[in-house]
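Asker: Just a sequence and a predicted model for now, questions to come.
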Amino acid sequence: MQNKNILIIDDDPAMIKLFELVAKKEGFNVITAADGAEGLKKFNKQEFILVITDLKMPTMDGIEFIKQARKSPKFMNFPFVIVTGNFKEFSAEVALLKNLTIMEKPIKQSDLRGLLNNSLTTPSMDKTFNVPTEEIHSFIIEKFQNISSLILEIITKSKPEIKILKEVPPDSFFQGYYYVSYLLNLGNHKIGVILNYDLGLAQNITEALLKGTGPNPALIFECLKKVGLSMMKKVPENSPYSELFNTPTPLLLFGSGESKIIFGSLQNNFLANIYAKNEKGTLGIHLLKL
């Protein structure tokens with residue numbers, strides 16, 4: 001029988017009741033705890049497929065709970081979900097943690113149902129090969145829209161505005177400062193991803209991650225690669241396709257200036273541009289069908 005146990009950790013009885021109501025309707029077995037310390041004891045005694053924890057709690061908060069739980073090697077990749085009312089409460093390092101989903105209050109029941117049901121779904125490779133291309137592309141665009149907004153808000157402490165362009169830019173080129181390119185594989189679907197950071201955002205990310213280090217170009221690239229790889233790894237999390245993604249690695253690193261080769265030579269491969277812009281700068285995510 002499939003394990004359908006989930007652990008919910010929250011010191012707010014109203015939130016516990018909401019999570020229990022939705023989870024039980026979806027057929028899950030719900031175990032609850034009032035803080036991280038109680039949750040850790042229950043987590044270590046029983047098998048769970050998912051843990052949802054509040055951020056701020058007495059005795060032990062959500063981040064400390066996750067750090068303690070992941071001290072065991074078998075839980076290094078366990079899918080934790082942390083709930084908060086304010087992204088600014090997180091450090092830049094938290095945004096880069098693997099298999100950590102962050103949900104902002106108020107929680108929609110539809111989002112919670114999707115999260116729970118996706119935790120049970122692992123399709124076979126044959127089924128994934130038969131998924132319509134349009135469905136995969138919509139999934140990828142929506143994921144990058146959500147991930148870019150989440151990570152930039154946590155790292156820069158400023159919520160970005162998101163703009164999506166689904167047509168090739170008329171001038172067929174884009175301009176930026178730092179570029180990191182990745183290849184995503186999902187079954188027989190391949191997506192090229194180019195992350196395009198402007199100078200202001202690149203420097204702000206570096207200062208947030210390295211806590212005040214000056215804008216050394218080598219350090220900036222290392223930080224941008226770290227953020228980029230984290231974004232790539234978050235694409236399959238809590239999705240029906242999580243077991244089928246290969247861990248992506250950077251393909252190309254561009255310096256400052258313009259690149260006319262991407263849209264100029266691959267216009268027929270254009271999927272979408274996603275622009276996440278806030279007061280710190282702009283991140284352009286250029287998606288190409290390969």
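Answerer: Cool, got the structure.
Asker: Count the neighbours of the closest residue in space to Met232 that isn't next to it in sequence for me.
Answerer: In this structure, Met232 finds its nearest non-sequential neighbour in Pro248, 4.3 Å apart by C-beta to C-beta, 6 or more residues apart in numbering. Yep, even glycine has a C-beta here, placed from its N, CA and C like the rest. Counted with other C-beta atoms under 10 Å, residues neighbouring Pro248 total 19.
Asker: What is the three-state secondary structure of Pro248?
Answerer: coil (DSSP: H, G, I helix; E, B strand; the rest coil).
Asker: Ok, Val131 next?
Answerer: Strictly by three-state DSSP, Val131 counts as coil.
Asker: measure the spatially most central residue of the chain to Phe28 for me?
Answerer: In the chain, the residue lying closest to the centroid (C-alpha atoms, centre = their mean) is Lys234, at 3.7 Å. For Lys234, the distance to Phe28 (C-beta to C-beta, to the nearest Å) stands at 23 Å.
Asker: ok, and the closest non-adjacent residue to Leu271?
Answerer: In this structure, Leu271 finds its nearest non-sequential neighbour in Leu287, 4.1 Å apart by C-beta to C-beta, 6+ apart.
Asker: Confirm that neighbour sits in a strand?
Answerer: Yes: counting by three-state DSSP, Leu287 falls inside a strand.
Asker: And the pLDDT at it?
Answerer: We have a pLDDT of 91 for Leu287.
Asker: so what's it up against?
Answerer: Ile140, Ile141, Phe144, Ile191, Gly192, Val193, Leu271, Ala272, Asn273, Ile274 (C-beta atoms under 8 Å, 6 or more residues apart in numbering).
Asker: Tell me the one of those nearest Phe19?
Answerer: Closest approach to Phe19 among these (C-beta to C-beta): Phe144, at 27.6 Å.
Asker: That closest one contacts Met231, correct?
Answerer: Yes: the pair Phe144 and Met231 qualifies as a contact (C-beta atoms under 8 Å) at a distance of 7.5 Å.
Asker: any shared contact partners between the two?
Answerer: Joint contacts of Phe144 and Met231 (C-beta under 8 Å, 6+ apart) do not exist.
Asker: how much space between Pro73 and Ile191?
Answerer: For Pro73, the distance to Ile191 - C-beta to C-beta - is 31 Å.
Asker: Looking at those two now, which is surrounded by more residues?
Answerer: Ile191 (22 against 7).
Asker: got the phi/psi numbers for that one?
Answerer: phi -130, psi 130 (degrees, to the nearest 10).
Asker: Point out where the stretch 101-250 of the chain drops to low pLDDT.
Answerer: 120-130, 169-176, 212-215, 243-244, 247, 249 (pLDDT under 70).
Asker: what about 80?
Answerer: By pLDDT under 80, the weakly predicted segments of the stretch 101-250 of the chain are 117-132, 167-176, 186-188, 211-215, 238-250.
Asker: residue ranges of the strands in it, please?
Answerer: 161-165, 174-176, 178-186, 189-197, 250-254 (DSSP state E, counting those that start in this stretch).
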